[in-house]
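*Asks:* My questions concern the predicted model and sequence given below.
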Amino acid sequence: MRQDTASDTFTPKGRGLARLMLGAAILPLMAFSTAAQDATGQAPSLAAMVDAGNLPPVAERVGDEPEVVNPLNEVGAYGGDLRIYLRGSSDHNHILRVVGPQGLVRWDPQYTEIVPNVAERVEVTEGGRVFTFHLRDGMKWSDGAPFTADDVMFNVEDLVLNEEFAPTPPRYTSGGEPMQVEKLDDYTVRFTFKEPYGDFLAELASPLGQHPVLYAKHYCSQFLPAYNSDGLAALIEENGATDWQNLFLQKCGDLEIPARWGNPERPTLDPWVISEPYVGGATRVVMTRNPYFWQIDTEGNQLPYIDQVVAPIDQDVESLILSVMGGNVDFGLRHIDPPANRPVLAQNREKGDYDFFEAKSTGGTDMSISLNLTHKDPEKRALFREKDFRVALSLGMDRQEIIDTVMLGQGEPWQQGPFEDHPYHHEQIATQFLEHDPEQANALLDGLGLERGEDGIRRMANGDPVRFQVDVIPTFDPTWVDSLQLIEQQWAEIGVDMEINPMERTFFYERTSNSNDHDAAVWRATQSWVAGQIPQMLVPVHHDSRYGIAWKDWYLSGGEKGEEPPASIKKRLELYDAARGMTDAEERRQAMLEIAQIAADEFETIGVSQALPTYGIVKNDLMNVPESMPSSWYYPTPSPTLPQTWFWKSE
Amino acid sequence: MLLVYIARRILWAIPLLFAVSLIAFALITAPPGDYLTTFAATLAQSGDVVDEARLDALRERYGFDQPFIIQYFRWIGGVLQGDFGISFEWQQPVSQLIWERMALSVTLALATLMFTWAMALPIGIYSAVRKYSIGDYFFTTIGFIGLATPNFLFALVLMYVAVVHFGSDVSGLFSEQYQDAPWSLAKMGDLAAHIWIPVIILGTSATASLVRIMRANLLDELHRPYVTTARAKGLSEWRLILKYPVRIAINPFISTIGWAFPQLISGAVITAFVLSLPTSGPLMLQALLAQDMYLAGAFILLLCCLSIVGMLVSDILLAVIDPRIRFR
């Protein structure tokens, strides 16, 4: 059985110091002892190939400096399949989450520190402007070709900084200028920024920061005009592509598109490589072990332990649940973790031979209501911008009733932000205006001159009723609409007429994020504001910042589009930009807390209840899987717990 | 005479197809947002975050910011040259994606059609000839249940029972070891062992409705004077029924061939979705849901073509089988 050692390492209580490092992008990273261990063990199938002379010996394959991984509970045994699942199309990120974004660095299993990954170590100098990555000597791509500094140069110079391919993502720029990259020797590269960029390593550790080591130069360069000007036209023709960009995506993929898992020929650095690809019409995806994978365990056995990752493609979630119940899934969290499924999953634990593991929320709330502070209608905008109005709405909400009725008593009233045991916890922003106080709420609304009409609904200065719609996607989280129905009644008591406006998800995005036509919108705000995350509820920097879409447009376009934000927002945006550059953990924490203080004083979004943990399932015989793990895209669950160290208990 | 008729029908199909393609494309682009908005929404639903700058760049590359009519002519221009464009979701050429799934769709549709006919024809004749007998009531009851139960619900119930009570998985068309294996006799056998479940699920309601139609049509014919005449002349009962009234009552069966053609693609989309069948139905539904314009557009265009061809074929067959239509 899985042991309990994981659960205390994941409990943040009493680990304040370690947790402080959350923001510490810049730490002198410890290199793993490299010479301590030689690779000696390998999977039987690979050993047979070595004996037959079809594969170099394992020590040669893992290179001179493999990463030595200490498995969670015990050193494992080779063999078996890991059966997961995919839900229809566009579920490619599930593969990414299990295989892991094999970037230069990664998060540790506790989501507290950044540790080296593809890089063997990194030095941060000149106040956080210069990052020198030492790669692993003799490391190989999954086809056996050497992985060197040239690959990093190719990725950065020919793709990341190549505007013809795609615009350079903002995470590779600082002070308005893209990073510079230089090759020091075959196994050393240096990234230089214009200004200090403390969050850079955390950005690299997130699933969106894999760019510098994503593509193998020896394979993917054939699809670039700069490398293959003669043969490219023929390749485009042959593959039915529209242009070289399309051909490149078709063959080499991109971070977040299904085509990333669609070409078995593409060399990768992943523990398992695609053998049955994820393409339109596929009924399952199979990945087999990478014979050149560059991690070994403490006894010198090459990882991964498990031979294959098998993911049948089921079209809908109900069939997925059936597969889990039937015992046909070994590890599952995605899609099946809404609380509504828990009883049926619990009931079938014995039959399916699985148990639950906890997926802890990183903080914040599952449901946050944002009034549109940049509303196109000046009357509504003026009303929504009154802080007293927002406070009155919050005080007019009976959160305990919502928790008792909709959330089966689980949860605690919460506005937003990290939980109490987190170093980024900010008490005011989390707990202000939580009490249900209709009297005070009425007094505040009266104070705004919003007199009640005959129907009990308050009137604005122009005589229009205080009425607005809250846009919501019912399919995202069924508790949202249920909660809104209670809130609708509660707000009616303080004379505010709220209408629930459920809509299809694309329409929601179009209306709220793109055209800014909404009155208010519901979204989740599960965040702890650490480096690498986007704190969209504190600062309008993302299309999920639905209280200030016009401000977000202003910020992202450098002032060309959208609308100039008020001083409070501008101040926060400046602080946020500064915080991203800070190299000292404590300094960054103080900056984020200062932002949180301003946001707390402005009180832009209204939260309901603390984000609850969810539960995934894992087979009883699957070992080294922690009983609890953080649940976050930025982490991303479960890959930092290293599925390559999971193994099947032999009978 | 027949040839002129066919030629005229084919000529008429051309403007029809053009109009249909315009309407199809308009419908696909009508919902707010585009493929990339849906993409961002799908990812957000699973808690993933999408890179906003990348989205904007892709939107420009795919031409989503262009007006509708320009997008349409870009697309139809390509289609006329045999280029159906690429699927945004898979980055693969649309034509390749569609053909990959066609063989199994055709197999399934044909098997279902055969099953439906094989069941409906004898049962329909029996219930008409033995009207109000125990057997008639039995089949009528089953027929109404079959008509009233949505196929996908039937599929879900069957899957649940199979998993919970028998511990087996009834979804898909192949066992695990044959899923991506090359075609062989063993794989054909495996397909045959799996295909009957979706065939029954898909066939029940069609069977039920055909039984009802057959029964009603035959009942109309059985009381006609020519039946009485034939009987008076001493023709054996079964030979009489099969040779005259059944031949007239069978017209609806021929007409259904016309409907069977588009069914090759759109046949039982939801059921195939639930059962995870590797046919083209789920791919089309996904393309529509994801607003993967070119893929969805190609599917709808193909559906229209097949409908038009199907109607043509069934009209010709009717003319061949029923002399009354031919000589009208």
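*Replies:* Sure thing, it's come through. Just so it is clear, the model here is predicted, and its values are computed rather than measured.
*Asks:* Show me what secondary structure element comes after the strand or helix carrying A:V115.
*Replies:* Assigned by DSSP states H and E, A:V115 belongs to strand A:114-116. Using DSSP H and E, the helix or strand that follows strand A:114-116 in sequence is strand A:119-125.
*Asks:* For whatever helix or strand comes next after that next one, give me every contacting residue.
*Replies:* Next along the chain after strand A:119-125, taking DSSP H and E as the criterion, comes strand A:130-135. Residues outside strand A:130-135 that contact it (CB atoms under 8 Å, 6 or more residues apart in numbering or on different chains): A:31, A:104, A:118-125, A:147-149, A:152, A:184, A:187-193, A:200-201. C-beta coordinates here come from the backbone N, C-alpha and C atoms, glycine included.
*Asks:* Mind checking what helix or strand follows strand A:130-135 in sequence?
*Replies:* Next element after strand A:130-135 (DSSP H and E): helix A:149-153.
*Asks:* tell me the average confidence for that next one?
*Replies:* Helix A:149-153 shows a mean pLDDT of 96 in the predicted model.
*Asks:* if I've got this straight, B:L219 is in a strand?
*Replies:* No: using DSSP: H, G, I helix; E, B strand; the rest coil, the secondary structure at B:L219 is helix, not a strand.
*Asks:* Could you check how many residues crowd around it?
*Replies:* Per other CB atoms under 10 Å in any protein chain shown, the neighbour tally for B:L219 reads 15.
*Asks:* repeat for the one 10 residues further on
*Replies:* Here the neighbour count serves as a burial measure; for B:T229 (other CB under 10 Å) it reads 12.
*Asks:* Using CSV, write out every CA atom in the host helix or strand of it.
*Replies:* Using DSSP H and E, B:T229 sits in helix B:225-232. Extracted in CSV, the C-alpha atoms of helix B:225-232 (Å, rounded to 0.1, in the frame of the first residue of the first chain):
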residue,chain,number,x,y,z
PRO,B,225,-59.9,-6.5,-55.1
TYR,B,226,-56.8,-7.9,-56.9
VAL,B,227,-55.9,-9.8,-53.8
THR,B,228,-59.3,-11.3,-53.5
THR,B,229,-59.2,-12.1,-57.3
ALA,B,230,-55.8,-13.8,-57.0
ARG,B,231,-57.0,-15.8,-54.0
ALA,B,232,-60.2,-16.8,-55.8
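*Asks:* mind listing the helices for the stretch 301-450 of chain A?
*Replies:* A:317-325, A:342-347, A:349-352, A:378-384, A:387-395, A:399-406, A:427-431, A:438-447 (DSSP state H, counting those that start in this stretch).
*Asks:* Is it correct that B:N251 is in contact with B:V320?
*Replies:* No: with contacts counted by CB atoms under 8 Å, B:N251 stays clear of B:V320, the gap being 11.9 Å.
*Asks:* Comparing these two, which residue is more hemmed in?
*Replies:* B:N251 (18 against 12).
*Asks:* Quick check, pLDDT for that one.
*Replies:* 80.
*Asks:* and the gap between it and A:E113?
*Replies:* 76 Å (CB to CB, to the nearest Å).
*Asks:* Excluding chain neighbours, give the residue nearest to the residue in chain B that chain A sits nearest to in space.
*Replies:* Residue of chain B nearest chain A, by CB to the nearest CB: B:P93 (3.4 Å). Spatial nearest neighbour of B:P93, excluding adjacent residues (CB to CB, 6 or more residues apart in numbering or on different chains): A:G240 at 3.4 Å.
*Asks:* ok, now how distant is the one you found from B:G85?
*Replies:* 10 Å.
*Asks:* for B:L306, same thing?
*Replies:* Distance from B:L306 to B:G85, by CB to CB: 20 Å.
*Asks:* hmm, back to that, quickly list what's touching both of A:G240 and B:G85.
*Replies:* Common neighbours of A:G240 and B:G85 (CB under 8 Å, 6+ apart) are B:P93.
*Asks:* Could you give the secondary structure assignment for the residue of chain A at minimum distance from chain B?
*Replies:* Nearest residue of chain A to chain B: A:G240, at 3.4 Å (CB to the nearest CB). Using three-state DSSP, the structure places A:G240 in coil.
*Asks:* which residues touch it?
*Replies:* Contacts of A:G240 by CB under 8 Å, 6+ apart are B:86, B:92-93, B:95-96.
*Asks:* Closest to A:P338 out of those?
*Replies:* Of all these, A:P338 sits closest to B:Q92, with 32.2 Å by CB to CB.
*Asks:* tell me the phi and psi of the closest one?
*Replies:* The phi/psi pair for B:Q92 (degrees, to the nearest 10) reads phi -110, psi 160.
*Asks:* shouldn't it be in contact with A:L249?
*Replies:* No: under the contact definition of CB under 8 Å, B:Q92 does not touch A:L249, with a separation of 10.1 Å.
*Asks:* any common contacting residues for the two?
*Replies:* Common neighbours of B:Q92 and A:L249 (CB under 8 Å, 6+ apart) are A:A259.
*Asks:* Can you classify the residue of chain A most remote from its centre by secondary structure?
*Replies:* Within chain A, the residue lying farthest from the chain centre (CA atoms, centre = their mean) is A:E454, at 49.1 Å. Three-state assignment for A:E454 (three-state DSSP): coil.
*Asks:* what do you get for A:F191?
*Replies:* Per three-state DSSP, A:F191 ends up strand.
*Asks:* burial measure for it, as a count.
*Replies:* So A:F191, with other CB under 10 Å, has 22 neighbours.
*Asks:* Kindly state the pLDDT recorded for it?
*Replies:* 96.
*Asks:* which residues are in contact with stretch A:464-474?
*Replies:* A:369, A:371, A:379-380, A:383, A:450, A:453, A:455, A:457-460, A:480-481, A:484, A:495-505, A:508, A:511-512, A:518-522, B:41.
*Asks:* PyMOL command for the buried members of those residues?
*Replies:* In PyMOL, a selection of the buried entries from these looks like this (16 or more other CB atoms under 10 Å in any protein chain shown):
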select buried, (chain A and resi 369+371+380+383+450+457+458+459+460+480+481+484+495+496+497+498+500+501+503+504+505+508+511+512+518+519+520+521+522) or (chain B and resi 41)
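*Asks:* Take the contacts of stretch A:464-474 and keep only those in strands.
*Replies:* A:369, A:371, A:497-502, A:520-522 (DSSP state E).
*Asks:* okay, these in a markdown table with distance to A:P566 and pLDDT next?
*Replies:* Below are these laid out as a markdown table (distance: CB to CB, whole Å; pLDDT from 0 to 100):
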| residue | distance to A:P566 | pLDDT |
| --- | --- | --- |
| A:I369 | 21 | 96 |
| A:L371 | 15 | 96 |
| A:D497 | 27 | 95 |
| A:M498 | 25 | 95 |
| A:E499 | 28 | 95 |
| A:I500 | 29 | 95 |
| A:N501 | 27 | 94 |
| A:P502 | 31 | 92 |
| A:A520 | 19 | 96 |
| A:A521 | 20 | 96 |
| A:V522 | 24 | 96 |
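*Asks:* Many thanks, we can stop here.
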